[in-house]
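J.: Structure of the sequence below:
(2 chains)
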2 protein chains.
Amino acid sequence: MTTPEIAAMEQRFRTNFINSLHGYKSTALCGTVDAAGIHNLSVISSIFHVGAMPPLVGMLIRPHTVPRHTLENLRETGSYTLNLIHPAILPQAHQSSASYAEGVSEFAAVGLTPAVGTHISAPYVAESHVKIGLKPVEEYTLRSNGCIVVVGEIVELFVPETAIAADGTIDHNALETVAASSLDTYHTGQRIAQFPYPKP
Amino acid sequence: MTTPEIAAMEQRFRTNFINSLHGYKSTALCGTVDAAGIHNLSVISSIFHVGAMPPLVGMLIRPHTVPRHTLENLRETGSYTLNLIHPAILPQAHQSSASYAEGVSEFAAVGLTPAVGTHISAPYVAESHVKIGLKPVEEYTLRSNGCIVVVGEIVELFVPETAIAADGTIDHNALETVAASSLDTYHTGQRIAQFPYPKP
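T.: Residues are numbered from 1 along each chain as shown, chains lettered A, B, ... in the order given. This is a model prediction of the structure:
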């Protein structure tokens, strides 16, 4: 399949197809707050590891969809949170992407609980097992389509100690962490292998 | 847990911890070729969706590790491939991250088969179920740690037709697509939900 065939696809079909093409995606609820104190929550499925020290996480935001409040808020307050999703809160998480009216907190609208940390003003999702608090440190606007790449530094985090293995790796099977494969389809994971460091 | 506690972690523990913190990651074998015709292959686990039209995929490359050949080659030839991993080729895929000597093709070293497409010079992994051919269109060097964000436009792709649902979504459960949760741990997925478009 080549560029002309992709371009000729029906728009919704193409969106689903390209969005799901490259497999399972890191997915989280992004929590922010605006200057008036209104909380905002949205699902972000384009999260990527940037570095361990300093601890950095990247994400992509589409400027013309619901998460634009996320972008405005994190710029304004210098903070945001990423909260992992598990099956018990998945319906609420997905629902948080609906286009709620200005001034409505998605926390209240979908039935999730905002929790305040001590180092940042953005709200965490109390129900999430893994909660990551960040400050934005870099931002790039892509020429190709206007999307924004935000790189954040982790300033605070909450993880159940029982889910941290002796080597530091987090057990996402035990936490029932959810990944997305498209805009509307979600999965849990099943560990199949852990390998030693590869040598020639 | 806050910044000083993260900074105080033993280095390897911290690498595993932060790398695995945000859940399952899109993972693929990245194929490139250099000007001398030597093929290169490496595992990339920081792949993210950028846009459906034009069809764009982003990835992060660490400049000081093995995938630096990936970066040099994709710049030189204007092409690279992303090839999804399934369990039958997972040991070979992980092994491709070893530091092989200059001039060694990781394809031959690990036992995977390079396949040539018709629109780009970079090699595909013949054994992969989903093969994506791209040309790099944007590149950003992060100030924080020197990592490179590469955005590529899809110019060619190969997906089994039987894995494409009526709405365009690809069935990664059926394809046994593998995701990484850290540098050495891999998972398959299990679909738990597909939701309608969320409305307030």
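
J.: The helix or strand that contains A:Cys30 pairs with which strands, and in what direction?
T.: Here A:Cys30 sits within strand A:28-33, counting by DSSP states H and E. Applying DSSP bridges, strand A:28-33 is found paired with strand A:39-44 (antiparallel), strand A:80-84 (antiparallel).

J.: hang on, A:Ala174 is in a helix, isn't it?
T.: No. A:Ala174 is assigned coil when assessed by DSSP: H, G, I helix; E, B strand; the rest coil, not a helix.

J.: Leaving out sequence neighbours, find the closest residue to it.
T.: Spatial nearest neighbour of A:Ala174, excluding adjacent residues (Cβ to Cβ, 6 or more residues apart in numbering or on different chains): A:Ala163 at 5.5 Å. Yep, even glycine has a C-beta here, placed from its N, CA and C like the rest.

J.: wouldn't that neighbour be in contact with A:Asn173 here?
T.: No. A:Ala163 lies out of contact with A:Asn173 (Cβ atoms under 8 Å); the separation is 9.4 Å.

J.: What ranges in chain A fall below the confidence cut-off?
T.: For chain A, the stretches flagged by pLDDT under 70 are A:65-67.

J.: where exactly do the strands run in it?
T.: With strands called from DSSP state E, chain A shows them at A:28-33, A:39-44, A:47-52, A:55-61, A:80-84, A:114-116, A:123-125, A:131-141, A:148-158, A:179-180, A:185-194.

J.: Tabulate these (JSON lines), appending mean neighbour count.
T.: Formatted as JSON lines, these follow (neighbours: other Cβ atoms under 10 Å in any protein chain shown):
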{"stretch": "strand A:28-33", "mean neighbour count": "27"}
{"stretch": "strand A:39-44", "mean neighbour count": "24"}
{"stretch": "strand A:47-52", "mean neighbour count": "24"}
{"stretch": "strand A:55-61", "mean neighbour count": "24"}
{"stretch": "strand A:80-84", "mean neighbour count": "28"}
{"stretch": "strand A:114-116", "mean neighbour count": "15"}
{"stretch": "strand A:123-125", "mean neighbour count": "25"}
{"stretch": "strand A:131-141", "mean neighbour count": "19"}
{"stretch": "strand A:148-158", "mean neighbour count": "21"}
{"stretch": "strand A:179-180", "mean neighbour count": "26"}
{"stretch": "strand A:185-194", "mean neighbour count": "19"}
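
J.: quick one, which of the strands paired with strand A:28-33 is nearest to A:Pro123?
T.: Among the strands paired with strand A:28-33, the nearest to A:Pro123 by Cβ to Cβ is strand A:39-44 (5.0 Å).

J.: For beta bridges, what are the partners of A:Ile44?
T.: Residues in beta-bridge contact with A:Ile44 (DSSP bridges): A:Ala28.

J.: In this structure it contacts A:Met59, no?
T.: Yes. Judged on Cβ under 8 Å, A:Ile44 makes contact with A:Met59 at a distance of 5.3 Å.

J.: residues shared between the contacts of the two?
T.: A:30, A:82 (Cβ atoms under 8 Å, 6 or more residues apart in numbering or on different chains).

J.: so A:Thr141 touches A:Ile148, yeah?
T.: Yes. Assessed by Cβ under 8 Å, A:Thr141 is found in contact with A:Ile148 at 5.6 Å.

J.: Tabulate the strands paired with strand A:28-33 in a markdown table, adding columns for distance to B:Ile85.
T.: Formatted as a markdown table, the strands paired with strand A:28-33 follow (distance: least, Cβ to Cβ, whole Å):
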| stretch | distance to B:Ile85 |
| --- | --- |
| strand A:39-44 | 24 |
| strand A:80-84 | 23 |
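
J.: Nothing else from me, thank you.
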